[in-house]
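Asks: Based on what follows, work out the 3D shape:
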Amino acid sequence: MQRQLTPDFRDYELIDSGAFEKLERFGRFVTRRPEPQAIWHPSLPEEEWRRLADASFRRDARQEERGEWRLAPKMPDRWTVEYAYGAMRLRMRLGLTSFKHVGLFPEQAANWNFIYDCCRTRCRSGAVPAEEGRATGNGRAAGAVSAAGGEGAGERPLRVLNLFAYTGGATLAARAAGAEVTHVDSVKQVVTWARENMELSGLDGVRWIVEDALKFVQREVRRGNRYDGIILDPPAYGRGANGEKWILEDNIGEMLDCCARLLAPAHAFLVLNLYSMGLSSTLARTAVRQAFGAPRDEEWGELTFTDRGGKELPLGTYYRFVR
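Replies: Alright, predicted model coming up:
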């Protein structure tokens, strides 16, 4: 089913957008930063943007992807926001980076809800047999329970793999639901940031991996490991921990083929996000279905927020399924 998703995120608001910028509230603070999808005119005058913004990002004319933040008085370099859904309570630290990012993609909360629900219900009617795959972590995750509600000797917790996992919102959603989570990202500082978010959220037991995502899944395939949920949030371009080059259009096919061999054959879920302009959710659906086959239930579309002026801003495409 094709649909657009907008999460209910009380600590986030898209205030205005336009002229290739967006004005956003994260908790108590307002940021102003570039947004290539905002091709229309802003609703608020420039004076109001300047008055509201606590931190404004300006690109470096010599480096297209980098820039610097101009801060209003009392604007901190770091602060926290909270997100709640059902019994899930997440707390995440934000910070101002030289790449315009703040450590959180709020539109992804729509996928956090999906991941949390899948892990809570186990995407199945029964427990997970212990022989259905080899262990991928350091033992049973603290607080994990079987689908039947107990911790029987013949059962194991749900195993979730989060690739290109960044600061860990999806990791925390799965862990909050009791899953055993492996978090993979090639940037050590980002993994440290994700660990900090785990601790702020009162969670523990995540398996942290600093490695090139494609190299990791290739090794997992050779080991014969299986996961009950896989989350992919690949960039258009990136570098692995040892300088490995990632180009989305060149590498996504092999990545999906490996993940298809890692995902449990039944009662499992997958989430794929794409941020590159020009790559549609239909493209994501076609690529995933070729690698995994037709699932039992699927959704695809755009992740969006609507600003105060009623302008709906697309912030990425997604495809997800349960089988």
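Asks: Okay, residue 252 and residue 279: tell me how far apart.
Replies: According to CB to CB, to the nearest Å, residue 252 stands 9 Å off from residue 279. From N, CA and C alone the C-beta is placed, and that goes for glycine too.
Asks: ok, now residue 22?
Replies: Distance from residue 22 to residue 279, by CB to CB: 20 Å.
Asks: Looking at these two, which one has more neighbours?
Replies: Per other CB atoms under 10 Å, whichever of residue 22 and residue 279 has more neighbours is residue 22, with 22 against 17.
Asks: May I have the beta-bridge partners of the more buried one?
Replies: Note on residue 22: beta-bridge partners residue 17, residue 33, judged by DSSP bridges.
Asks: Residue 14 is in contact with that one, correct?
Replies: Yes - with contact defined as CB atoms under 8 Å, residue 22 counts as touching residue 14 (6.4 Å).
Asks: Residues that sit against both of the two, list them.
Replies: Common contact partners of residue 22 and residue 14 (CB atoms under 8 Å, 6 or more residues apart in numbering): 307, 313.
Asks: which residues in the stretch 51-200 of the chain form strands?
Replies: Assigned by DSSP state E, counting those that start in this stretch, the stretch 51-200 of the chain shows strands spanning 55-60, 63-71, 78-85, 88-95, 159-163, 180-185.
Asks: what sits up against the longest one?
Replies: Okay, so that is strand 63-71. 54, 55, 56, 57, 58, 59, 60, 96, 98, 99, 100.
Asks: Of the residues you listed, grab the buried ones for PyMOL.
Replies: The buried subset of those, as determined by 16 or more other CB atoms under 10 Å, is captured in PyMOL by this line:
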select buried, resi 54+55+56+57+96+100
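Asks: Now do the helices in the stretch 151-300 of the chain.
Replies: 169-176, 188-200, 213-223, 248-262, 281-292 (DSSP state H, counting those that start in this stretch).
Asks: Now do the longest one, average pLDDT.
Replies: For helix 248-262, the mean per-residue pLDDT is 95.
Asks: In that helix, which of the residues would be classed as buried?
Replies: Under the neighbour-count criterion of 16+ other CB under 10 Å, helix 248-262 has 248, 251, 252, 255, 256, 258, 259, 260, 261, 262 buried.
Asks: Same check on the last one?
Replies: Buried residues in helix 281-292, counted by 16+ other CB under 10 Å: 281, 283, 284, 285, 287, 288, 291, 292.
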